[in-house]
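In: take this sequence and fold it.
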Amino acid sequence: MSLQELPQEIFDEILQLLPLHDTCSLRLVNRALAFVATDTDFKARFRAKTVEMNETGLRRFAKAMKCGGLSLLLRDLTLAAQVYDINTLSDEIDDKQISSFGPDTPYASDGTLQHVIQPLGPEELKKMEADMEEMDKQDEELQKFQESKMDAFLLGAAFSGLDKHGIALDSIRAEVILYQQDSSTPVLPLWGFDDQPTWAAANYLTQVILNSLNLSDFHVEKLDLFNSDRMVGCSLAIDALSKVKFSNSRSALRNLKCLSLSISEGYDATAEELDPAYFEGFAGLLRSCSNLTHLDLADYRLAMYKHEDNPELYLLQSRGIVQALNEAQLPKLQILKLQGFHINEEQLLSIIQARHTLHQLSLRAIHLQGGRFQPVLDYCTQDTKLKDILLDSLFNQGKLQFSPPWAIDKSIENPTYDGYVDLKAHWRRGPDAGKIEYTIYGGGIRNVTELNWEQNIENWYGPHPDGQSRARHLLRPEEIWRALI
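Out: Below you'll find the model as predicted:
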């Protein structure tokens, strides 16, 4: 059977597996196949693009946006900062063995990934040394490129091209990718062993993106800064925002409708530094995004395991963010999602009371350090215009377990949660809506499902201390090892 004789559904699936240049070849060599490979499918290949923040990637992107053509079909842009983790490869060469995680790594009985130790032969060592040399070379070239400030110039030129052609983007997503094995195999931050280079790359990328947007006037609907399931193990240090000048009244930031970001304290922050001035950059970002209708904030507790003797650090972090949020003028905000915060009843209530335009509130992994959730939930259901309230993994001297009819059985969504329910709830306003009720379970881990759930919460909102899997139940298997899709 030839390709032309295949049913349309099967042919469409084949097209999805082909790289763009092969699809182009099909259309060129066979007119009949060109009709089967519809213009819609073909053009869809240009709607999403990932650009690595090196000289080659940015020059190509700037040129494409200047020339126009099919490149102007772009709607979803991902900008990826690279990290070359040479230390990991160097240690393996010195030890003459690999001791790491891999795609086929087994899990131990406690749900952690087991270290697999594999001795290295002479040929493998030789190849690894060549790979390390190439990674070192590319890292050096990348550092020189960044120091020249050409990255900001080229990204600004690309944004100018979008503005010139009147192109509006649906989204810009910021990501960090790691090179650990060689210079051609990117992996996601959740498989990194050293957080510091990842944070440095996230800070750098954010500053370049925001400064470029601040000097542009094209339309972009959504900006996502490291707040997706692909960016588990990566966040933006909030003090990095202080290096961005939020001053241009015609900034593209004012066109944003949705802002999603994961923020942490600075990598080497101390409690003494977390004064109001520390959060001024974050406050400036919110002021610039005055037309937001959707805000998603995740608080990543970088200090959780770095400063075990100073738990006040991550409490100050959450409180500083809350204060800046309450002072921000966001008159059009309709959807608010808060994740990972350690705050008290009064602070949480103040956020909601300051937002009279909200239609939907989502709370995930909120740790209430003082007071109770019940007064907050009662206020939301009785004294606001909220239509939807989504609750997931809340803590108040124990886990909140929600009561019917609003409790959600997670086993319906994911069979791995079979037997463990009521950590999530979805309340909808209606004539008989009633109040949201819950009980508190203060006991320990009861089964493997609860262990998996607890580890995932820790992984999302703080670095894990013991090398446990950051990936469980978060990504589809094919996504775990492919940083660029």
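In: the top strand by length along the chain packs against which elements?
Out: The residue-count maximum for a strand in the chain (DSSP state E) belongs to strand 169-179. In this structure, strand 169-179 packs against strand 76-84, strand 186-187, helix 195-214, strand 220-225, with contacts taken as 3 or more Cβ pairs under 8 Å, 6 or more residues apart in numbering; DSSP states H and E. (Each C-beta comes from the backbone N, C-alpha and C, glycine too.)
In: distance check, K243 against N203.
Out: Using Cβ to Cβ, to the nearest Å, one gets 8 Å for the distance from K243 to N203.
In: ugh, wrong one, I meant I117
Out: Taking Cβ to Cβ, one finds I117 at 35 Å from N203.
In: next: M150.
Out: For M150, the distance to N203 - Cβ to Cβ - is 19 Å.
In: neighbour count for these two, which is higher?
Out: Legend: neighbour count by other Cβ atoms under 10 Å for M150 and N203, higher for N203 (21 against 14).
In: show me the contacts for that one.
Out: With contacts defined as Cβ atoms under 8 Å, 6 or more residues apart in numbering, N203 is in contact with L236, A237, A240.
In: now, which of those sits nearest R429?
Out: L236 (34.0 Å; Cβ to Cβ).
In: and that closest one, bridged to which residues?
Out: Per DSSP bridges, the residues bridged to L236 are I263.
In: looks like it contacts L259 (just checking).
Out: No: between L236 and L259 there is no contact under Cβ atoms under 8 Å: 12.0 Å.
In: for stretch 369-378, how far is the first residue from the last?
Out: From its first residue to its last, stretch 369-378 covers 18 Å (Cα to Cα, to the nearest Å).
In: buried residues in that stretch?
Out: Within stretch 369-378, the residues scored as buried using 16 or more other Cβ atoms under 10 Å are Q369, G371, F373, V376, L377.
In: how many other residues sit next to W453?
Out: So W453, with other Cβ under 10 Å, has 21 neighbours.
In: distance of it relative to E52?
Out: Counting by Cβ to Cβ - W453 and E52 are separated by 35 Å.
In: same question, L348
Out: 40 Å.
In: and what of S216?
Out: Taking Cβ to Cβ, one finds S216 at 20 Å from E52.
In: and M231, what's its pLDDT?
Out: Looking at M231, its pLDDT stands at 89.
In: who does the strand or helix carrying K66 touch, helix- and strand-wise?
Out: Taking DSSP states H and E as the criterion, K66 maps to helix 55-67. When contacts are defined as 3+ Cβ pairs under 8 Å, 6+ apart, helix 55-67 sits against strand 48-52, helix 150-164.
In: so for the longest one, what gets flagged as buried?
Out: Of the residues in helix 150-164, D151, A152, L154, L155, G156, A157, A158, F159, S160, G161, L162, D163 count as buried by neighbour count, 16+ other Cβ under 10 Å.
In: with the first one instead?
Out: Residues of strand 48-52 classed as buried: A48, K49, T50, V51, E52 (neighbour count, 16+ other Cβ under 10 Å).
In: is it true that the second one touches L77?
Out: Yes: assessed by Cβ under 8 Å, K49 is found in contact with L77 at 5.8 Å.
In: shared neighbours of the two, anything?
Out: With Cβ under 8 Å, 6+ apart as the test, K49 and L77 reach no residue in common.
In: format the helices and strands packed on helix 55-67 as TSV; extra columns: distance to K127.
Out: Putting the helices and strands packed on helix 55-67 into TSV (distance: least, Cβ to Cβ, whole Å) gives the following:
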stretch	distance to K127
strand 48-52	24
helix 150-164	31
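In: and of those, who's closest to M128?
Out: strand 48-52 (23.0 Å).
In: mind listing the strands the closest one pairs with, and their directions?
Out: strand 76-84 (parallel).
In: can you tell me what sits against the partner strand?
Out: So strand 76-84 is contacted by 47-54, 135-136, 138-139, 142, 155, 169-179, 183, 186, 192, 197-198, 201-202, 204-205, 209, 483-484 (Cβ under 8 Å, 6+ apart).
In: quick one: buried residues of it?
Out: Within strand 76-84, the residues scored as buried using 16+ other Cβ under 10 Å are L77, T78, L79, A80, A81, Q82, V83, Y84.
In: dump the residues you listed to a markdown table, plus pLDDT and distance to D388.
Out: Putting these into a markdown table (pLDDT from 0 to 100; distance: Cβ to Cβ, whole Å) gives the following:
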| residue | pLDDT | distance to D388 |
| --- | --- | --- |
| L77 | 96 | 29 |
| T78 | 96 | 29 |
| L79 | 97 | 32 |
| A80 | 96 | 33 |
| A81 | 96 | 35 |
| Q82 | 95 | 39 |
| V83 | 94 | 38 |
| Y84 | 93 | 44 |
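In: can you redo the residues you listed as JSON lines with distance to F226?
Out: Listed next are the buried residues of strand 76-84 as JSON lines, based on distance: Cβ to Cβ, whole Å:
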{"residue": "L77", "distance to F226": "15"}
{"residue": "T78", "distance to F226": "12"}
{"residue": "L79", "distance to F226": "11"}
{"residue": "A80", "distance to F226": "11"}
{"residue": "A81", "distance to F226": "10"}
{"residue": "Q82", "distance to F226": "15"}
{"residue": "V83", "distance to F226": "13"}
{"residue": "Y84", "distance to F226": "19"}
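In: out of those residues, the closest to T293 would be?
Out: L77 (20.4 Å).
In: quick check, L292 in contact with S260.
Out: No: contact criterion Cβ under 8 Å: L292 and S260 do not qualify, at 10.4 Å.
In: pull the number of nearby residues for the closest residue to L169 other than its chain neighbours.
Out: Of all residues not flanking L169 in the chain, V220 sits nearest, at 4.3 Å (Cβ to Cβ, 6 or more residues apart in numbering). Using other Cβ under 10 Å, V220 is surrounded by 23 other residues.
In: alright, I will stop here.
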